[in-house]
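Participant: Below: sequence and its predicted model.
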Amino acid sequence: MQNLEEKQMVTRVFCCQQDADRITIYRMDAHTGALAVEGQYELPDGPAPLAVDPQGRWLVVGLRRRPGLATLRLDTARGLGEVISAIELPVDPCYVSTDRAGRYALTAYYGAGRCAVHRIGEDGALAQEAVQWIETAPHAHCIRTDPSNRYAYLPHTVPANQILQFAFDAASGRLTPLPQPKAPVQPEAGPRHYCYHPSLDRVYVSNEDSSTVSSYALDAGTGQLELMQTLSTLPEGFTGKNSCAQIHMSPNGRWLFVSNRGHDSLAVFGVAGDTGLITAAGHRPTEPTPRVFGMEPSGRFLYTAGLGSDRLAAYALDDATGQLDEIATYALGRNPMWVLALAMGGAE
């Protein structure tokens, strides 16, 4: 019998459609990046943000119509299995992540201006009572622990226009403000989402309100973020309305992507391997209003959902140039809220 280690990995793309109460599961062709629908997983109450357990055992799903969190078992044969747990929340989460050990779910709350931490059991079950609720400010948007699992950051768009800095206790799950509780932010920038460099102590932030991207140096000893540079995500001469949404980096750390809503594009930036500084490298036109997108683990293919078209677009990345070449587009459904690509063990 074939051992799990000997089985080929299968890459699946999970797309949440909040208004349809479902997660569509696509199977990726490993050679071309093309997608085929493998199934649709019905999940009531408006599934939206997604996070994966670091060991690949389950997904954590934020529910927005009837506020809550759920954990779903990952199934190598069909993508998703049973609901492990579901808890109610007083307000709806706009972002969810797990800490680097998979023991805690961290959530941000845009409308309520909060963040929270919930314990995840060894069986994937969420604790109903939170470890911690923290009141912050309106428009809290994203929270993730850093690769060392010692720090976490919470950006807020305008009017708060801030990034809160926390120490994270991996044993208790508690967040504590750093001695300098806020990172430097440019006026009216509106920091929204961020990502970490895979090998350098660098953090990259998409600024929703100013249509810019900022790079920060992360002091590994203190957790303090130092602003290094801020660049526009728009081409010179563009005068229309625009706001930025998500930000993702290629797994090898060479390319950074930010979605433009209005210009309807992905802004592409090259990343210097020694300093982590970024350089504008062009734009890829996308489906209208590209709020959410994601890269698959090999870094060869990228998928973006158009809020304005209810379609999912697939692109192949040229790692030498950063160019994104369109593969195909797929009908998706109303209000796409998340795109997450995972490599999963399983026989072809």
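Facilitator: Received the coordinates, thanks.

Participant: in the sheet, who's paired with the closest residue in space to Pro155 that isn't next to it in sequence?
Facilitator: Spatial nearest neighbour of Pro155, excluding adjacent residues (C-beta to C-beta, 6 or more residues apart in numbering): Pro191 at 3.6 Å. Quick note: C-beta positions are derived from backbone N, CA and C, even for glycine. Beta-bridge partners recorded for Pro191 (DSSP bridges): Asn207.

Participant: ok, Pro191 - contacts?
Facilitator: For Pro191, the contacting residues are 141, 155-157, 161-163, 185, 205-208, 214, by C-beta atoms under 8 Å, 6 or more residues apart in numbering.

Participant: Need the distance between the two termini of stretch 315-328.
Facilitator: End-to-end span of stretch 315-328 (C-alpha to C-alpha, to the nearest Å): 7 Å.

Participant: contact partners of it?
Facilitator: Against stretch 315-328 from outside (C-beta under 8 Å, 6+ apart): 32-35, 250, 252, 254-255, 266, 268-270, 281-282, 284, 295, 299-304, 313-314.

Participant: same thing but 6 Å
Facilitator: Gly33, Ala34, Trp255, Val268, Gly270, Ala281, Arg284, Arg300, Phe301, Leu302, Ala314 (C-beta atoms under 6 Å, 6 or more residues apart in numbering).

Participant: Are we agreed that the first one is in a helix?
Facilitator: Read that as Gly33. No: checked against DSSP: H, G, I helix; E, B strand; the rest coil, Gly33 lies outside a helix; its state is coil.

Participant: For it, which non-adjacent residue is closest in space?
Facilitator: Nearest residue to Gly33, sequence neighbours excluded (C-beta to C-beta, 6+ apart): Phe301, at 3.6 Å.

Participant: neighbours of that neighbour, just the number please.
Facilitator: Using other C-beta atoms under 10 Å, Phe301 has 25 other residues around it.

Participant: ok, now Gly111?
Facilitator: Look at Gly111: counted by other C-beta under 10 Å, it has 12 neighbours.

Participant: what sits against it?
Facilitator: Per C-beta under 6 Å, 6+ apart, neighbours of Gly111: none.

Participant: ok, it to His139 distance?
Facilitator: 8 Å (C-beta to C-beta, to the nearest Å).

Participant: what ranges do the strands span in the stretch 1-150 of the chain?
Facilitator: 9-17, 22-28, 35-42, 47-52, 58-63, 68-75, 79-88, 95-98, 104-109, 114-119, 132-135, 144-145 (DSSP state E, counting those that start in this stretch).

Participant: Any chance of a markdown table for these, columns mean pLDDT?
Facilitator: Below are the strands of the stretch 1-150 of the chain laid out as a markdown table (pLDDT from 0 to 100):
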| stretch | mean pLDDT |
| --- | --- |
| strand 9-17 | 96 |
| strand 22-28 | 97 |
| strand 35-42 | 97 |
| strand 47-52 | 98 |
| strand 58-63 | 98 |
| strand 68-75 | 98 |
| strand 79-88 | 97 |
| strand 95-98 | 98 |
| strand 104-109 | 98 |
| strand 114-119 | 98 |
| strand 132-135 | 98 |
| strand 144-145 | 98 |
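
Participant: how about TSV for those, with distance to Val339 and mean neighbour count added?
Facilitator: Output for the strands of the stretch 1-150 of the chain, formatted as TSV (distance: least, C-beta to C-beta, whole Å; neighbours: other C-beta atoms under 10 Å):
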stretch	distance to Val339	mean neighbour count
strand 9-17	5	23
strand 22-28	10	21
strand 35-42	11	15
strand 47-52	8	24
strand 58-63	13	27
strand 68-75	16	21
strand 79-88	14	17
strand 95-98	14	23
strand 104-109	18	27
strand 114-119	23	22
strand 132-135	28	15
strand 144-145	17	23
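
Participant: In CSV: the ones you listed, plus distance to Thr222.
Facilitator: Below are these laid out as CSV (distance: least, C-beta to C-beta, whole Å):
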stretch, distance to Thr222
strand 9-17, 36
strand 22-28, 39
strand 35-42, 42
strand 47-52, 26
strand 58-63, 29
strand 68-75, 31
strand 79-88, 34
strand 95-98, 22
strand 104-109, 20
strand 114-119, 21
strand 132-135, 20
strand 144-145, 16
